[in-house]
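Trainee: What would the 3D arrangement of this be:
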Amino acid sequence: QVQLVGSGGGLVQTGGSLRLSCAASGRTSNIYAMAWFRQTPGKEREFVAVITYSLSSTGYADSVKGRFTVSRDNAKNTVYLQMNSLKPEDTAVYYCAAATVPGGWGNLSSYTYWGQGTQVTVSS
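Mentor: Okay, the predicted model is just below:
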C-alpha cells in the first residue's frame with residue numbers, strides 16, 4: 001500500500017504562484033510515476049502533470065504547459081507542482097496520484113493510489 005498526502009493549496013490572485021506537495025509513504029518502491037489531477041464541481045477529474053520515478057520524465061496538459069512544473073525529491077518521497085502565472089480557470093481541487101505500472105498518463109484508471117485533494121482558488 002502507498003499513502004499520499006497532498007498539501008500547499010490556498011487562495012492566490014491572478015498571476016500569482018503556489019507550490020503543491022504530495023508526500024508518499026508506505027511501499028514507495030512500487031511507485032512508477034506520480035501525477036497531479038484537478039477537478040471542479042460538476043466536471044470530470046482532469047490530468048495536469050506527471051513525473052516518472054526512474055527517469056524523471058515529465059508530461060503536462062496543454063492548459064498548463066509553460067506555467068506549471070512538476071518535480072520530485074527522492075530523499076523525501078515527495079512530488080511537487082510549482083504553479084506560476086495562475087489564472088482563475090486553474091481554480092480546482094488538486095489531487096496527487098501514484099501509478100505502479102506504466103500506462104496512459106492522462107487516464108484516471110492508470111493510477112492506483114490517490115491523495116485527499118487540496119483546494120486551489122485563484123481570484124480575478
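Trainee: Tell me the buried residues in stretch 25-39?
Mentor: Thr28, Asn30, Ile31, Ala33, Met34, Ala35, Trp36, Phe37, Arg38 (16 or more other Cβ atoms under 10 Å). No exception for glycine: its C-beta is placed from N, CA and C like everyone else's.
Trainee: Turn the residues you listed into TSV, columns for secondary structure and distance to Tyr60.
Mentor: Output for the buried residues of stretch 25-39, formatted as TSV (DSSP: H, G, I helix; E, B strand; the rest coil; distance: Cβ to Cβ, whole Å):
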residue	secondary structure	distance to Tyr60
Thr28	helix	23
Asn30	helix	24
Ile31	coil	19
Ala33	strand	13
Met34	strand	14
Ala35	strand	10
Trp36	strand	10
Phe37	strand	12
Arg38	strand	12
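Trainee: surely Tyr80 meets Ser71?
Mentor: Yes. Judged on Cβ atoms under 8 Å, Tyr80 makes contact with Ser71 at a distance of 5.0 Å.
Trainee: okay, these two: which has more neighbours?
Mentor: Between Tyr80 and Ser71, counted using other Cβ atoms under 10 Å, Tyr80 has the larger neighbour count: 19 against 14.
Trainee: ok, what's across the strand from that one?
Mentor: Beta-bridge pairing of Tyr80 under DSSP bridges involves Ser21, Ser71.
Trainee: what about the residue nearest the centre of the chain, distance to Gly26?
Mentor: Nearest residue to the geometric centre of the chain (Cα atoms, centre = their mean): Trp36, 2.0 Å. Using Cβ to Cβ, to the nearest Å, we find Trp36 at a distance of 19 Å from Gly26.
Trainee: quick one, what contacts the residue nearest to the centre of the chain?
Mentor: Contact partners of Trp36, counting by Cβ atoms under 8 Å, 6 or more residues apart in numbering, are Leu20, Cys22, Val48, Ala49, Val50, Val70, Val79, Leu81, Tyr94, Tyr95, Cys96, Ala97.
Trainee: any idea how far Ser124 is from it?
Mentor: Trp36 is 23 Å from Ser124, by Cβ to Cβ.
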